[in-house]
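Novice: A predicted structure for the sequence below; I have some questions about it.
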Amino acid sequence: MIPGGGQPNMQQLLQQAQKMQQDLARAQEELANTEVDGQAGGGLVRATVTGSGELRALKIDPKAVDPEDTETLADLVVAAVQAANQNAQMLQQQKLGPLAQGLGGGSGIPGLPF
């Protein structure tokens, strides 16, 4: 006869789930404190976001400022922020991907992009 009738040890499963939840929370906190850069126009515009996607800084080289062409500057700002957010999403996948898979493939976990 198999001890426990072959059933998984519920206490052990609960402990594993709790550890994974703690690891996930720690990784999310680390993402919120990690800064990631993106740039556009060969570095004329640089955006800094957190690993969770919060815009923290925007630097614009004076060479990018042309009062006659504010549309190009706006496009460069948008492109730099998008690049920074793409880098943040890659960081999220690196940090949270393995944890989310351990929690059932990430399906239905609020706040995760996958």
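Specialist: Sure, I can see it.

Novice: the residue nearest to G41 when sequence neighbours are not counted in helix, strand or coil?
Specialist: Using C-beta to C-beta, 6 or more residues apart in numbering and skipping the chain neighbours, the partner closest in space to G41 is L76 (4.5 Å). Just so you know, the C-beta spots here come from the backbone N, C-alpha and C atoms, and that holds for glycine as well. Three-state call for L76 (DSSP: H, G, I helix; E, B strand; the rest coil): helix.

Novice: which parts of the protein are helices?
Specialist: 10-33, 70-102 (DSSP state H).

Novice: elements contacting the longest one?
Specialist: This means helix 70-102. helix 10-33, strand 35-40, strand 45-50, strand 55-60 (3 or more C-beta pairs under 8 Å, 6 or more residues apart in numbering; DSSP states H and E).

Novice: right, and the residue nearest to G41 touches G42 too?
Specialist: No - using C-beta atoms under 8 Å, L76 is not in contact with G42; the gap is 9.7 Å.

Novice: more neighbours: which of the two?
Specialist: L76 (21 against 10; other C-beta atoms under 10 Å).

Novice: quick check: the gap between the more buried one and N85.
Specialist: 15 Å (C-beta to C-beta, to the nearest Å).

Novice: for A17, same thing?
Specialist: Distance from A17 to N85, by C-beta to C-beta: 31 Å.
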